[in-house]
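# just coords:
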Ligand SMILES: [Zn+2]
């Protein structure tokens with residue numbers, strides 16, 4: 001008897017479920033080799049690294065340096081194969097694109113290696129996010145030299161922003177990436193090449209003049225905000241050049257002083273970071289804080305409720321270590337996304353901002 005296409009899909013699905021059951025019974029382990037990070041180790045063992053990341057950290061917490069680094073030669077527990085294996089099997093099966101379309105969507109902006117977004121939930125359905133990575137185009141932002149290589153703030157802020165976008169899309173949000181580099185994608189390297197071909201949403205060239213540059217972003221965001229009137233909308237701006245003077249404070253969250261919803265968003269992300277630091281880095285105190293920064297042009301002029309996040313300072317040696325590691329950029333994006341989810345689940349305060 002010839003099985004229909006649908007039945008074949010169902011069959012593949014159940015075969016995977018059966019394998020999943022098996023995988024959970026036997027404990028998978030792997031030895032970290034030289035140069036391995038969490039993502040590459042998971043990938044090598046056929047597990048979707050982004051899906052299994054949290055579980056991996058929870059299972060191997062005692063065996064990680066700074067909560068995110070592997071020790072070469074040590075044995076790590078690999079989380080059980082998850083439902084994503086269905087998609088992986090489907091991708092090999094080629095024919096079963098129907099299932100694949102339900103489970104994942106492709107976005108070329110994330111680059112060849114990361115363009116598949118697996119839909120994890122509908123938690124953020126109806127929510128609209130505007131993501132702005134600091135600087136871009138002719139303006140690289142803060143610069144530093146790391147092992148004789150120049151590194152620039154805009155490339156790292158962009159990479160974290162893309163990773164955040166992917167997380168939010170995975171929970172069915174509508175996401176606008178306001179600064180875009182069409183040929184960079186998510187990058188798993190420590191040194192991110194500096195280029196100047198970023199454009200603003202709609203393919204617009206980014207002006208060199210600072211006021212014109214900021215005004216361009218503000219106009220794009222406020223236009224979209226008008227078009228999406230009535231929806232839950234939030235703006236998240238990411239920089240890696242701390243304006244604050246405190247030396248020990250590594251992540252800052254700002255919001256407009258009059259925006260209750262902006263305050264709630266910033267607080268939700270702040271809360272999540274606090275929890276993560278406690279969970280993953282018991283020896284390290286989390287010292288991030290948020291405050292009003294009414295002086296910032298973007299904070300003042302944009303209409304959606306917003307959180308302005310400074311993820312350390314690229315000129316700071318300690319911060320460089322954290323930001324250059326792709327696993328860390330992924331963790332930071334994940335934490336921000338969890339704060340965003342927390343905020344959305346808390347609902348809106350009033351109608352404006
Ligand atoms: Zn900046």
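Perfect, I can see it now. Keep in mind it's a predicted model, so treat the numbers as computed, not measured. Residues are numbered from 1 along each chain as shown.
# use CA for all of it now, contacts and neighbours both
Fine.
# mind listing the helices for the chain?
Secondary structure of the chain (DSSP state H): helices located at 5-25, 38-44, 49-59, 84-93, 97-103, 153-170, 210-227, 260-280, 297-301, 317-324, 326-345.
# just checking, residue 61 touches residue 67?
Yes. Contact criterion CA atoms under 8 Å: residue 61 and residue 67 qualify, at 6.4 Å.
# before we move on, the earlier item: name the stretch among the helices of the chain that sits most buried.
The highest mean neighbour count among the helices of the chain, using mean count of other CA atoms under 10 Å, belongs to helix 153-170: a mean of 26.
# which helices and strands does that helix pack with?
The helices and strands touching helix 153-170, judged by 3 or more CA pairs under 8 Å, 6 or more residues apart in numbering; DSSP states H and E, are strand 116-118, strand 127-133, strand 174-177, strand 232-239, helix 326-345.
# Quick check: which of the ones you listed is nearest to residue 221?
strand 127-133 (7.1 Å; CA to CA).
# does any part of that closest one sit near the ion?
No. Strand 127-133 does not reach the ion (CA under 5 Å from the ion); its nearest approach is 8.4 Å.
# Could you list the residues in contact with that strand?
Residues outside strand 127-133 that contact it (CA atoms under 8 Å, 6 or more residues apart in numbering) are 154, 157-158, 161, 165, 173-179, 221, 231-239, 344.
# Stretch 163-172 now?
With CA under 8 Å, 6+ apart as the criterion, stretch 163-172 contacts 110, 117-126, 131, 174-175, 177, 186, 329-330, 333-334, 336-337.
# Could you pull up the residues touching residue 159?
Contacts of residue 159 by CA under 8 Å, 6+ apart are 185, 186, 187, 329.
# how many neighbours does residue 124 have?
When neighbours are counted by other CA atoms under 10 Å, residue 124 registers 20.
# Does residue 110 touch residue 186 like I think?
Yes. Here residue 110 reaches residue 186: they are 5.2 Å apart, a contact under CA under 8 Å.
# list residues touching both of the two?
Counting by CA under 8 Å, 6+ apart, the contacts common to residue 110 and residue 186 are residue 162.
# wait, residue 154 sits on residue 144?
No. At 11.8 Å, residue 154 and residue 144 do not qualify as touching, with contact defined as CA under 8 Å.
# shared neighbours of those two, anything?
Contact criterion CA under 8 Å, 6+ apart; residues shared by residue 154 and residue 144: none found.
# check contacts around the closest residue to the ion within the stretch 251-353 of the chain.
In the stretch 251-353 of the chain, the residue that lies nearest the ion is residue 310 (7.9 Å; CA to the ion). If you count contacts by CA under 8 Å, 6+ apart, residue 310 has them with 238, 239, 240, 241, 242, 251, 252, 253.
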